[in-house]
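Asks: Quick check, what structure comes out for this input:
(2 chains)
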Amino acid sequence: MLIYTIKRALLATLVALTVSMLTFGLLHLSSDPAVALAGEDATEEDIQMVRVDYGFDKPLPVQYLAWLTKALQGDLGTSFYFNIPVSKLLQQRLPVTLTLGACSLVFAILSAVPLGVLAAMRPNTKLDRFCLTLAVSAQAMPAFWFGLMLIVVFCLWFPLLPVSGSDTWQHFVMPTIVVGTNAMPAIMRLTRTGMLDVLATDYIRTARAKGLRPKTVLLKHALRNAVIPVIAVIGVQAGYMMGGSVIIETVFGLNGLGLLAYESIMYFDLACMEAVVLLLCFVFIITTFAADIMNAWLDPRIRIG
Amino acid sequence: MSVQNDTLKQIPNDEEIIEPTPGQIMRTRALRHWGLMIGGIVLGIIVILALAAPIAAPHDPYTQTLSNRLLPPVWDAKGSINHILGTDQVGRDYFSRLLYGARISLMIGFATVLLSGFIGTSLGLMAGYFGGRVDLFINYLITVRLSLPGILVALATVQLIGGSLPVVIAVLGFMLWVRFAVVIRSATMQIRNMDYIKAARAAGCSAFRLIVTQILPNVLNQFVVIATLEAAHAILLEAALSFLGIGVQPPLPSWGLMINEGKDYMFFKPYLISISGIALFCLVLSINLVGDGIRDVTAPENRN
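Replies: Below you'll find the predicted structure:
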């Protein structure tokens, strides 16, 4: 188990390094940051001055190394647009996004797992079809549009919830529904498949033959093994949620990382953009790492194989 | 299963029994698959409407008539048959824009999949066929790409380069190859050790020729399934990018952009965002249904 964990951690670190290099390179090569920084009616000399000032004239690998050493010390630079240190901005915004992510994840799991189990209990019946139809529809729903329609329903027709902001728990209700609905289909399908596989195994037949109550068989014996692939996909979905938050937070004006990402992208705030993209990458790497470890802990075959 | 039972019942005596050909079995299965049929019909209608947009559209999708701003659709008391779905905030005919928008969405789906499918399939074939270090490296690429928050990187890159249809297609194409690579890789690994591959190798086939002529045709099923799902994915992403104002640029009638433009009026004229949203939903749903259907029909053993 320890060896497996160390191996995974090394891989995760390597991936994190590559990702940071990629995003840095991608964002720096896609445009000239000095031109955007200097403003619209800057002369060639102004641009050149900005370039030297911020070190944009040095070769890209040198810039990357300088940035990386600073970043590792906790200095992510200063936001051009907000004019405060990026690390402070991230600290302010991260809790909102994490709250949204956690709520949505709980919502997705609570709706997807029971539906998946129900569908697997009665495969190819109306109930099963209904669950699958629900999953396919949720998958096809454009998240931002779903959010807007919820606003029309819950703010215009039945004025129950606030339109935008992030001050009270009511502000999180609609975003949670949208993000959770988005993550639901994958979790539900996998629960269903996992359950179907497990229910066909011998040990379930044995448990039933012993005369255990169907509920015990289902929840204690079957579900435990069926959730192993589900945990992996939940890790991945948690990562997607963080990335997808950029759209949902913009729709609902939720003051989190996603909105920060949108603002920094709109205002060409390079330092901020990089920091947010990287932070989300790291969250994704950490969640998948956690899911891997949890899987290995649940299923010895993984850590040995 | 039931297909064969039915055919057996219909045939009177043993001498005349003719086994149904694989093609016939597949056709029967396809015709009995509700999802595939419904998805196929809806998708067919959308494709035909999109192709026929220049003939079918009652008005020019770009002509602005400021005196005709925000006309309601025909089912509204004040609606007129002249503008079936009303007009938008600058007086353009909504129905015509919707039809032309279908072209953009379909084009995004098709072109993106062409690019991402090429990248992903090549990587998947190489990883699956060569194995070893090549496989390790490509697997690493897949992990790295999966760690990048797709929407965010797409947004940032499109904004930095400058939003336009080709840029959106290119960025999405370089983003969505992962699932192709993963699926084609494992399919190739299964095929790699089959006898006919060994035979081809023994006959002196080069690796390239072997991959292209022997393996590729056998992973085509999986390719088509992933291609449909990724096309739907690309269409949704384009709509999201355009909705945020960082994708296809006005005045092009992208459905996501139409929702973005209608957003400011959504409390007074909800149809401005609901209609194009429903269109988007129907298109993506039908593509997904077709994809799932093809998978069920061609490989029923993978149905779950």
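Asks: residues from the stretch 101-250 of chain A in reach of chain B?
Replies: Contact residues, the stretch 101-250 of chain A versus chain B (Cβ under 8 Å from any Cβ of the partner chain): A:136-137, A:139-145, A:148-149, A:151-152, A:156, A:192-193, A:196-197, A:236, A:239-240, A:242-244, A:246-247, A:250. Yep, even glycine has a C-beta here, placed from its N, CA and C like the rest.
Asks: among those residues, which are in helices?
Replies: Among those, DSSP state H puts A:136-137, A:139-140, A:143-145, A:148-149, A:151, A:192-193, A:196-197, A:236, A:239-240, A:242-244, A:246-247, A:250 in helices.
Asks: Show me the shaky parts of chain B.
Replies: B:1-17, B:300-304 (pLDDT under 70).
Asks: Buried only: go through the ones in helices among the residues of the stretch 101-250 of chain A next to chain B for me.
Replies: For these, a burial check counting by 16 or more other Cβ atoms under 10 Å in any protein chain shown picks out A:136, A:139-140, A:143-145, A:148-149, A:151, A:192-193, A:196, A:236, A:239-240, A:242-244, A:246-247, A:250.
Asks: which non-adjacent residue is nearest residue 246?
Replies: Here I'm looking at chain A. Leaving aside its chain neighbours, A:Val246 sits nearest to A:Gly258 (4.0 Å; criterion: Cβ to Cβ, 6 or more residues apart in numbering or on different chains).
Asks: Sorry, I should have been clearer: chain B.
Replies: With Cβ to Cβ, 6+ apart as the criterion, B:Ile246 has its nearest non-adjacent residue at 4.8 Å, and that residue is B:Gln159.
Asks: if I pick that neighbour, what's in contact with it?
Replies: By Cβ atoms under 8 Å, 6 or more residues apart in numbering or on different chains, the contact list for B:Gln159 reads A:265-266, A:268, B:246.
Asks: what are the phi and psi values for it?
Replies: When read as degrees, to the nearest 10, the backbone of B:Gln159 gives phi -70, psi -40.
Asks: A:Thr78 now?
Replies: Torsion angles, degrees, to the nearest 10, at A:Thr78: phi -110, psi 140.
Asks: okay, it: pLDDT?
Replies: Looking at A:Thr78, its pLDDT reads 78.
Asks: Just give the number of residues close to the closest residue to it other than its chain neighbours.
Replies: Nearest non-adjacent residue to A:Thr78, counting by Cβ to Cβ, 6+ apart: A:Pro85, 5.6 Å away. By the criterion of other Cβ atoms under 10 Å in any protein chain shown, A:Pro85 has 17 neighbours.
Asks: for A:Pro85, what are its contacts?
Replies: A:75-79.
Asks: can you confirm A:Asp41 is in a helix?
Replies: No. Using DSSP: H, G, I helix; E, B strand; the rest coil, the assignment for A:Asp41 is coil, not a helix.
Asks: any idea which of the contacts of B:Gln159 is least confident?
Replies: A:Phe268 (80).
Asks: what helix or strand does it sit in?
Replies: Per DSSP states H and E: A:Phe268 is located in neither a helix nor a strand.
Asks: and it, how far is that from B:Gln249?
Replies: 17 Å (Cβ to Cβ, to the nearest Å).
Asks: Now do the same contact list for the closest residue to A:Ala226 other than its chain neighbours.
Replies: Closest residue to A:Ala226 apart from its sequence neighbours, by Cβ to Cβ, 6+ apart: A:Gly194 at 3.6 Å. Residues in contact with A:Gly194 (Cβ under 8 Å, 6+ apart) are A:116, A:120, A:225-230.
Asks: just A:Leu89 next, same as before
Replies: A:79, A:82, A:260, A:272, A:275.
Asks: Over to A:Arg192?
Replies: For A:Arg192, the contact set (Cβ under 8 Å, 6+ apart) comprises A:116-117, A:119-120, A:128, A:131, B:304.
Asks: Using PyMOL, make a named selection holding only the buried ones among these.
Replies: Burial among these is assessed by 16+ other Cβ under 10 Å; the matching PyMOL selection reads:
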select buried, chain A and resi 116+117+119+120+128+131
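Asks: Need the contacts of A:Arg192 in TSV (columns: distance to A:Ala291).
Replies: Formatted as TSV, the contacts of A:Arg192 follow (distance: Cβ to Cβ, whole Å):
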residue	distance to A:Ala291
A:Gly116	18
A:Val117	20
A:Ala119	23
A:Ala120	22
A:Asp128	27
A:Cys131	24
B:Asn304	22
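Asks: picking that back up, among the contacts of A:Leu89, which one is most surrounded by other residues?
Replies: A:Leu260 (29 neighbours).
Asks: and the gap between that residue and A:Leu27?
Replies: Counting by Cβ to Cβ, the gap from A:Leu260 to A:Leu27 is 15 Å.
Asks: Helices of chain B, start to end?
Replies: So, for chain B - with DSSP H - the helices run B:2-10, B:22-32, B:34-51, B:53-56, B:94-130, B:132-147, B:150-161, B:165-173, B:178-192, B:195-202, B:207-209, B:220-243, B:255-262, B:271-298.
Asks: for the fifth one, packing partners?
Replies: Contacts defined by 3 or more Cβ pairs under 8 Å, 6 or more residues apart in numbering or on different chains; DSSP states H and E place helix B:94-130 against helix B:34-51, helix B:53-56, helix B:132-147, helix B:165-173, helix B:178-192, helix B:220-243, helix B:255-262, helix B:271-298.
Asks: can you put the ones you listed in a markdown table and add distance to A:Leu10 and mean neighbour count?
Replies: Shown next, in a markdown table, are the helices and strands packed on helix B:94-130 (distance: least, Cβ to Cβ, whole Å; neighbours: other Cβ atoms under 10 Å in any protein chain shown):
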| stretch | distance to A:Leu10 | mean neighbour count |
| --- | --- | --- |
| helix B:34-51 | 44 | 16 |
| helix B:53-56 | 54 | 13 |
| helix B:132-147 | 12 | 16 |
| helix B:165-173 | 31 | 21 |
| helix B:178-192 | 22 | 20 |
| helix B:220-243 | 31 | 24 |
| helix B:255-262 | 41 | 26 |
| helix B:271-298 | 36 | 22 |
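Asks: and chain A, which of those is closest to it?
Replies: Minimum separation from chain A across the helices and strands packed on helix B:94-130 (Cβ to the nearest Cβ) falls at helix B:271-298, 3.8 Å.
Asks: Let me know the angle separating the closest one from helix A:143-151.
Replies: 130 degrees (axes from the mean of the first three to the mean of the last three Cα atoms, to 10 degrees).
Asks: now check helix B:271-298, is it near chain A?
Replies: Yes. Helix B:271-298 lies within reach of chain A by Cβ under 8 Å from any Cβ, at B:273-274, B:277, B:280-281, B:284-285, B:288-289, B:292.
Asks: quick one: stretch B:257-267 near chain A?
Replies: Yes. Stretch B:257-267 reaches chain A (Cβ under 8 Å from any Cβ) through B:259, B:263, B:266-267.
Asks: Give me the PyMOL select line for those, limited to the buried ones.
Replies: Buried members of the residues of stretch B:257-267 next to chain A, defined by 16+ other Cβ under 10 Å, are picked up in PyMOL with:
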select buried, chain B and resi 259+263+266
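Asks: for the host helix or strand of A:Leu278, packing partners?
Replies: For A:Leu278, the host element (DSSP H and E) is helix A:270-298. Here helix A:270-298 touches helix A:2-30, helix A:33-38, helix A:86-121, helix A:223-252, helix A:257-266, helix A:300-304, helix B:132-147, helix B:150-161, going by 3+ Cβ pairs under 8 Å, 6+ apart.
Asks: any weak-confidence spans in the stretch 101-250 of chain A?
Replies: Confidence mapping of the stretch 101-250 of chain A against pLDDT under 70 gives zero matching residues.
Asks: okay, now residue 270: neighbour count?
Replies: Looking at chain A here, since you left the chain open. As a burial measure, A:Leu270 scores 25 neighbours (other Cβ under 10 Å).
Asks: hm, I was asking about chain B
Replies: 17.
Asks: doesn't A:Cys155 make contact with it?
Replies: No. Judged on Cβ atoms under 8 Å, B:Pro270 makes no contact with A:Cys155 at a distance of 11.6 Å.
Asks: So what's the residue count around residue 177?
Replies: Because you didn't say which chain, this covers chain A. When counting by other Cβ under 10 Å, one arrives at 18 neighbours for A:Ile177.
Asks: meant chain B actually
Replies: 26.
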